[in-house]
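Predicted structure and sequence below. I'll ask about it afterward.
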Amino acid sequence: MGRAMSLRFACEGAAVIVNYARSQDDAQATVREIDAARPGSGSIALQADVTSEASVKAMISDIETRFGRLDILVNNAGWSTRIPHNNLEDLTDEIWDRTLDTNLRGAFYCVRAAMPLLKKSPVPAIVNVASAAAFSSAGSSIVYAASKAAMVSMTKSLARAFAPQIRVNAVCPGLIRTRFAGWPEEAFEHAKAITPVGRLVTVEEVAGIVFFLAVEATSMTGEAILADGGVYQLGRSR
């Protein structure tokens, strides 16, 4: 999803900062794709572990030095591991901590560090990538669903706190065919079978919603848009 978002914003004219924690090769490959699609975009990859506030602050400082501005922040970092919801013993403290540190605290660190730059922008916006699990309480684990529900709540809190200057919204994708959480092929096939639109949502469609919320939806703040093909709203069967 991060690659698709980066390409969408770059092709619309933005200079994109592609943040990565450990996936340097993937991040640099994304920048190369951006350069091929839009030469001279000025997009770069920057390393920062969002679970470390010091690392996040260093990244934002680097952005200010290089670009002098930040107009849009997209919080897309996420981590999970698949644990059946009735298997409470395997939901260890380490899994709780890593999930919440990455999915929730990391987004907060990024917002807090970026806020001074965003306040200087004429068109500031924040988009948080949550999950349909925030509403269904399903997904890869109990703590994953809880972290995404908390992100939706944080989105609304931030939107209220910084209105009218900064709009803050969220997108909540359902199961999408990516490497996230190591879902097996049969999980994607099952999800497709129960999705009212008859197919899985694509990463490009999620990127389109993120762009809409960040740039075009100038009257919207505090929203959390579901992008799950109708599974939650219309039921989990066809």
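Arrived safely.

which residues touch stretch 12-31?
Residues from elsewhere that reach stretch 12-31 (C-beta atoms under 8 Å, 6 or more residues apart in numbering): 2-3, 6-7, 9-10, 34, 41-50, 59, 63, 67, 71-72, 77, 211, 215. C-betas here are computed from N, CA, C, even on glycine.

Mean pLDDT per helix and strand in this protein: which one sits at the bottom?
helix 185-194 (a mean of 85; mean pLDDT, DSSP states H and E).

quick one on the thing from earlier: quick one: mark the members of the contacts of stretch 12-31 that sit in strands.
Residues of the contacts of stretch 12-31 located in strands (DSSP state E): 44-47, 72.

Check which residues of the lengthiest helix in the chain are buried.
Longest helix of the chain, by residue count under DSSP state H: helix 142-162. Under the neighbour-count criterion of 16 or more other C-beta atoms under 10 Å, helix 142-162 has 142-152, 154-156, 158-159, 162 buried.

After it, which helix or strand is next?
Under the assignment DSSP states H and E, the closest C-terminal helix or strand after helix 142-162 is strand 167-173.

about what we covered before: now do the longest helix of the chain: distance to the chain's middle.
With C-alpha atoms, centre = their mean, to the nearest Å as the basis, helix 142-162 stands 12 Å off its chain's centre.

what angle do it and strand 167-173 make?
160 degrees (axes from the mean of the first three to the mean of the last three C-alpha atoms, to 10 degrees).

Who are the packing partners of helix 142-162?
Counting contacts by 3 or more C-beta pairs under 8 Å, 6 or more residues apart in numbering; DSSP states H and E, helix 142-162 packs against helix 93-100, helix 106-120, strand 125-129, helix 133-136, strand 167-173, strand 224-227.

Off-centre distance for stretch 43-61?
16 Å.

Can you report how many residues neighbour residue 129?
24 (other C-beta atoms under 10 Å).

The chain should start at 31 in everything you say after this.
All set: I'll call the first residue 31, so the last point we hit is now residue 159.

Report pLDDT for the residue lying closest to it once chain neighbours are set aside.
Nearest residue to residue 159, sequence neighbours excluded (C-beta to C-beta, 6 or more residues apart in numbering): residue 106, at 4.5 Å. pLDDT, residue 106: 97.

Quick check: the gap between residue 106 and residue 115.
Distance from residue 106 to residue 115, counting by C-beta to C-beta, to the nearest Å: 25 Å.

if you count what's nearby, which of those two comes out ahead?
Remark: of residue 106 and residue 115, residue 106 carries more neighbours, 19 against 13, as counted by other C-beta under 10 Å.
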